[in-house]
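Undergrad: Okay, predicted coordinates and the sequence, questions at the end:
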Amino acid sequence: MRRSISAVAVMAGLALTLTACSSGDDTSSDDSSTAAAGDGSTLTIWVDETRQDAVEAAAEDFTAETGTKVETVLKNYDDIRTDFISQVPTGKGPDITVGAHDWLGELTKNGVVAPIELGDLADEFEDVSVQAFTQDGQVYGLPYAVENIGLIRNTALAADAPTTWDDMIAAGQAAGTQYPVLIQTGEEGDPYTYYPLQTSFGAPVFEQNDDGSYNSTLALGGANGEAFAGWLAEQGAAGTLDTAITYDIALEAFKNGQSPFIIGGPWMLDSFEGLDLAVSAIPSAGGQDAQPFAGVQGFYVSAQSQNALLANDFLLNYMSTEDAQLALYEAGHRVPALTAAADTASADPVTAGFREVGANAVPMPSIPEMASVWTYWGVTEAAAITGAQDPTAAWQKMVTDIQGAIGG
Amino acid sequence: MPTPESTAVAPRKRRGRDLSHARDFRPGFLVKLVLVALIDAFGIYGILAAWNQEAWGILTSMVVLLAVTNWVYFAKKALPLKYVLPGLVFLLVYQVYVMAYTGYVAFTNYGDGHNSTKSQAVEALLVQNERRVEGTESYQLTVVGSGDELGFAVLDADGDVRVGTAEQPLEEVDATVDAGQVTAVPGFDVLDRTTVLERQDEVTSLRVPISDDPNDGSIRTQDARTGYVSESTLHYDADADTLTDSTTGTVYSPNDHGQFEAEDGSTLAVGWRVFVGGENFTTAFTDSRYAAPFWKILVWTFAFAIGSVATTFLLGLFLAVVFNDVRLRGRKVYRTLLILPYAIPGFLGALLWAGMLNRKFGFINEVILGGANIGWLTDPVLAKLAVLGVNLWLGFPYMFLICTGALQSLPGDVMEAAKIDGASPWRAFRSVTMPLLLVSTTPLLISSFAFNFNNFTLIYMLTGGGPRFSDASVPLGHTDILISMVYNIAGVDGNSQKNYGLASALSIMIFVIVGGISALAFRKTRQLEELN
C-alpha cells in the first residue's frame, strides 16, 4: 500500500504541474488577460523591478477613477522581449508591457504589438522619444524615459570638461590616476559604449532616411570606419583602451577614484554615491560630433489584448502625466520622455547633463537587421584594440560578414 | 472501523485477499480513496482552468489522464499498471510530449516573422496599416448606442456635435454638451463607462465614416475618449484570401512559406507558421558560411566530450584508489573535502572560474602567477585547455564517488586469489580490479559522455564559445560545441533573427549523434559483461 500512496502523491504533483501549465506561464498566474472585459475587468501589465512601484502608483489613480483593477506582473527585464513575442499569440500575454524602443522592429515583424495614437499628446514628448517609437509613420509605444551615455567626470580630479579626446587623455594623465579614462570594453567589445567615438569618425551603423528612421544599408564601412578601427588599434597599443576593463571593473575603479573620467550612463550613478560628479558631452576622437545612441523606454500594447480600450486609456491618460513620468524618473534616474517632466527633473545637474548630451544623440536602430550587427561589431573592435588582427582588414571583413548575416 | 459497510465486506476481504488489492477495503483503501479524490479535485480544477484558457490540447490530455488514473487505481485487473502509471505519465508529459513538439517545430518555419497563425498575421497587418490621416483634427468622442448598434458622437473645436454609426456617416445633430463632453444625443443613449468597457471590442473596431465618400476616412477611437480620422491602406478580401494595398493597387496573396507575396516577389513583413517539410534539415547543411566552422566545432565537441570523460574518470579513479587504502588516516575528511566541487552548481562554478581566469584581474594570473598576462580564455589553445580543466574540477568528484562505490563492492576473495597467485599490485589492478570496475562504471561513463556532449552551461558561462574564429564569417568560436552552435545559428541568443524551426531540426540531429553513439557503446558494454 505504501508504494501506491507515494504513487498517488506523485500523481497529485503531476496534476498540479499540468494545472500550472494550463494556466499559462507561472508569472501570469490567472487568466485575467484573456477575460472578457466588463465590470471588474483587470488590466495586466508586465514590469521589471525598477519600474514596478512607479507603475503601481499610476495604476492606483486609474483604479480609483475607473474601477478597473490593474495587475502588475514582475518579470526579469531580459526575458520580457522573448516572452512577449511567444506568449502574445497564445492569448496568454499581458495587455501592456514595458520595453525598449529597439525591440520595435522585431515586435512588429511578429505582429504582437498594436499602434498607439498619441494624437496631440505627441507634441508634449521629447521629439527623439516619439521618433524612436515610430515605424513607417505609426507610433507603437508610449515613451517614458530617454537614456544615453555621457562623459561622467569626478570633479575632484578634473575641474573642466574636455572637448577633444586628446584633451581628456591629457587631463586624465595630469590627474595622476591609474587610468586616464575608463571605458567598459570586455573581451567581446562593447559597441554601444564605443558608438559615440565611432560616430566622431563619421561612421554610423546604418544609413538614416530623411525622417530619421533607419534603412538596412550599412554605413559603418568605408574609409571613416577603417579610420576608427585604426584609431582603436593606436589607443589599444597606447594602453588607454583595454579589453580587460569590463563594466564591473570600470565601475569599481571610478568609484575608488582611480580615474577622473568614465564613459557611461545614468544606471551607473547609484554606485557613485559620495562622489562629486558632472556630466558633459563625450569628447570627439575623430573630429566630428560624438553622438551616442539614445535608448527610449516605453510601454507597448499587445496586439491580442482583449482590453485594448482600457490599455490605451491607461497609457494615454494616466502614464503620460507629469507625476507618473516623474515617479518613473525617481525609480530609474533616466531622463523622462515627457518634456514637462524632463524640465522638472533637470533641476538635478547630473540629469540635466545627460539630457544635454542626449539632445545630440541618435536613436538606436530598431530595425530587425540590427540584431545581426552587435556580435560581429564588438569582437572586431576588441580585436583591433588588442592588436590581434590588422584593424583595417578586420573591419572590412566585419562589414562583409554583417552584410552576409543580414542578407542570409 | 466498525461501520456497517466494513463489517459487511470483512468476509469478502478474507476470501479475496489474493485476488485484488483494489477491492481491499482496509484503512489503506480509505487513504487511497482520499488521495485519488484529491488528484481528481486538482485534475478537475486543471480542466476548468484549461477550459477558461481555451487550451483544448491540455484539456483533452487532462481528461484522459484523469480517467486512466481512476480506472487504474480502482479497477480489479490493473494491478501492475498501478506501479507503472506514475512513471509512464511523467514520461509522456516530460519526454514524449517535448520530443514530439520539437519534432513538430522542426518541420515548421516557426521563428521571427512566422510567430503565430494566419488570422493573427492578417489582423496585425491590417492594424499596422491603418493610420491617422495627416493634418486632421482630433475630436472629443462619446460612445452612444441605439438598441444593439453602437455609434460615436464627436465634438469638434467649434462646439458642433456630429453623430454616426458604422452604417450611417457622421451628421450634425442638436446635442447637449456639458463641460466639453456630449451628455445627450437625440435618438441615441449615451453609454456609461461600464457598458463601454463591456463592449470594448466593438468600440475599438467600430469605424464611423466621415461622409458618404469612403476616401474621406472614418472616425475610430482607442480609448473611448478621443476620436481620430483614420484610413486603411491595406484591405483584406476574405473570399479571395488576398490583401490589397489601396495606394499602389498591389495584390498580395499567401505563398507556401507563410507570407503574403505580391507578383513581383515582394512580401509583407508579418507572416505565420506553416509546414516547410525537410527544409530546415537541408538549410543546416547548405549554408556555406557554416561549413568550415561546423567541422572544426564537430571535432572539438568530440574532443571535449571524450577528453572530459577521460580526465575526470582517471583523476576520480586515482583518488578513489588512493583513498580506498585502509592505511590512510582521516579518509572520511579527505573524501568529504573532495566532493565539495560537486556540491557547487555547475553554472556558478563556471562563472567563478571565468572570473579567476580573467587575463588581467583574475586570481590565477594576478596571485598565483605573480601578475602574468596570460589569456586563459582568449587564446584558442589555452581556452580549450581552460574549458577542459574547469570541467575536470567540476566533474572529478562524481567519478570519484562512483569509483569509490564500485571499489568497495568488489569481492575481496578475487583480490586475495590474485595476491596468492603472486600478482604485483599493479598487475592485480590492471587484470582484476579494472575489468570488474569497468563493468559497473561503463554505463555511467557513456551517460557522462552524452551529458558533456551537450554541456551548454559550461561553455556558455565560461567562454561563451570564444575566442571567435578569426577566419569564419559567422559568430562562432574555438570553444563552441554543437549545442552552443545551434543556440547561435537559431538566433536564440538574440544575435540574429530567431528561427526555432532550424533550432529544433539541429537539436534532433544532435540527438541522433548522441543517441547513436550511446547505443553503440551500450552494446559494447553488454559484451564486456558477458566476458566476465
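TA: Happy to help now that I have it.
Undergrad: buried stuff in the strand or helix carrying A:A59?
TA: Element membership for A:A59, per DSSP states H and E: helix A:49-66. Neighbour-count burial for helix A:49-66 flags A:R51, A:Q52, A:A54, A:V55, A:E56, A:A57, A:A58, A:A59, A:D61, A:F62, A:T63, A:T66 (criterion: 16 or more other C-beta atoms under 10 Å in any protein chain shown). No exception for glycine: its C-beta is placed from N, CA and C like everyone else's.
Undergrad: Tell me if that helix is near chain B.
TA: Yes. On the criterion C-beta under 8 Å from any C-beta of the partner chain, helix A:49-66 is in touch with chain B at A:T66.
Undergrad: helices or strands next to that helix in the packing?
TA: Here helix A:49-66 touches strand A:42-47, strand A:69-74, helix A:308-314, helix A:322-332, going by 3 or more C-beta pairs under 8 Å, 6 or more residues apart in numbering or on different chains; DSSP states H and E.
Undergrad: One more pass at 7 Å, please.
TA: Packing partners of helix A:49-66 (3 or more C-beta pairs under 7 Å, 6 or more residues apart in numbering or on different chains; DSSP states H and E): strand A:69-74, helix A:322-332.
Undergrad: helix/strand/coil for the residue of the stretch 1-150 of chain B found nearest chain A?
TA: With C-beta to the nearest C-beta, the shortest gap between the stretch 1-150 of chain B and chain A falls at B:A124, namely 2.8 Å. Here B:A124 is recorded as helix under DSSP: H, G, I helix; E, B strand; the rest coil.
Undergrad: where does the stretch 251-400 of chain B come near chain A, residue by residue?
TA: Within reach of chain A by C-beta under 7 Å from any C-beta of the partner chain, the stretch 251-400 of chain B has these residues: B:A269, B:V270, B:D287, B:R289, B:N358, B:R359, B:K360, B:F361, B:T378.
Undergrad: List buried residues within these.
TA: Buried among these by 16+ other C-beta under 10 Å: B:A269, B:V270, B:R289, B:N358, B:R359, B:K360, B:T378.
Undergrad: I'd like the residues you listed laid out as CSV, including pLDDT and secondary structure.
TA: Formatted as CSV, those follow (pLDDT from 0 to 100; DSSP: H, G, I helix; E, B strand; the rest coil):
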residue, pLDDT, secondary structure
B:A269, 83, coil
B:V270, 88, coil
B:R289, 78, helix
B:N358, 82, coil
B:R359, 79, coil
B:K360, 77, coil
B:T378, 84, coil
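Undergrad: and the residues you listed, which two are the farthest apart?
TA: B:V270 and B:K360 (47.2 Å; C-beta to C-beta).
Undergrad: ranges for the strands of the stretch 101-250 of chain B?
TA: B:130-132, B:139-146, B:149-155, B:161-165, B:171-173, B:176-178, B:181-184, B:189-190, B:208-209, B:218-221, B:226-232, B:234-237, B:242-245 (DSSP state E, counting those that start in this stretch).
Undergrad: Quick check: closest non-adjacent residue to the residue of the stretch 1-150 of chain B closest to chain A.
TA: Leaving aside its chain neighbours, B:A124 sits nearest to A:G111 (2.8 Å; criterion: C-beta to C-beta, 6 or more residues apart in numbering or on different chains).
Undergrad: Over to B:N391?
TA: Per C-beta to C-beta, 6+ apart, closest to B:N391 is B:S308, 4.7 Å.
Undergrad: dump the residue contacts of that neighbour.
TA: B:S308 makes contacts with B:L388, B:N391, B:G395, B:N452, as judged by C-beta atoms under 7 Å, 6 or more residues apart in numbering or on different chains.
Undergrad: host element of it?
TA: Here B:S308 is assigned to helix B:288-323, by DSSP H and E.
Undergrad: now do A:E356
TA: Secondary structure from DSSP H and E places A:E356 in helix A:349-358.
Undergrad: which helices and strands does that helix pack with?
TA: Using 3+ C-beta pairs under 7 Å, 6+ apart: helix A:349-358 touches strand A:141-148, strand A:150-154, strand A:277-280, strand A:335-336.
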